[in-house]
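In: sharing a model prediction with you, sequence too.
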Amino acid sequence: MNVTGDDIAGVVDLFGVLTRAELQHALAELAFKRGEEFDPEAFEEDIADAVETYHLIPVDASAVDEPFEPVATGDDHSSELPASVLVPGPVAFPTVPDGGMDLPHILDIDTRTVDREQAGASAIEQFEDDVSDAKEQDDADRLASLVDVSYELEAWASVDLSEIRAAIEAADS
């Protein structure tokens, strides 16, 4: 099943917050409904891409408002709190894929919320790490995409990234 970053963010947005395993399970359920490959592991690369492009932001699980208990999915029967959860990110225009509106009933997961300040801090930390990595690798394309992300991130997290953006643009000159 082909999914975009906006589709993946749309699935997460239905719940507010999902663990990676819950998101994989949700995407597998959608694929099953469509008669397609439905191995949850098959979506790991799509999820990783959505994180890399800021369609999803990993946030410390402690930022989820109580009560938060992960739902056991597939072979994962653990109800242990994961280190991080996923929330729709600053560049996402969450779109619920066909059949997605049934997911809350199928997965039996209540809507969750996350502390927006902590989510913003996580996004900024990811952004700073990505900028540093792109500079080290002298990756001009990645740096240019991060400049674009910076504007979305400023609005999403209510922060000022103009100094970082100026440093990126100066390094590109």
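Out: Ah, there it is. If you're wondering where the values come from, they're calculated on a predicted model, not measured in any experiment.
In: sec struct for Val91, please.
Out: coil (DSSP: H, G, I helix; E, B strand; the rest coil).
In: next, it: phi, psi?
Out: Main-chain dihedrals, Val91, degrees, to the nearest 10: phi -90, psi 0.
In: go ahead and confirm it touches Val149.
Out: Yes: Val91 lies in contact with Val149 (CB atoms under 8 Å); the separation is 6.2 Å. Every C-beta, even on glycine, is put in place using the N, C-alpha and C of the backbone.
In: between those two, which contacts overlap?
Out: Common contact partners of Val91 and Val149 (CB atoms under 8 Å, 6 or more residues apart in numbering): Tyr54.
In: same question for stretch 151-163: list its buried residues.
Out: Leu153, Glu154, Trp156, Ala157, Val159, Leu161 (16 or more other CB atoms under 10 Å).
In: now for these: which two are most distant?
Out: Spanning the widest gap among the buried residues of stretch 151-163 are Trp156 and Leu161, at 10.8 Å by CB to CB.
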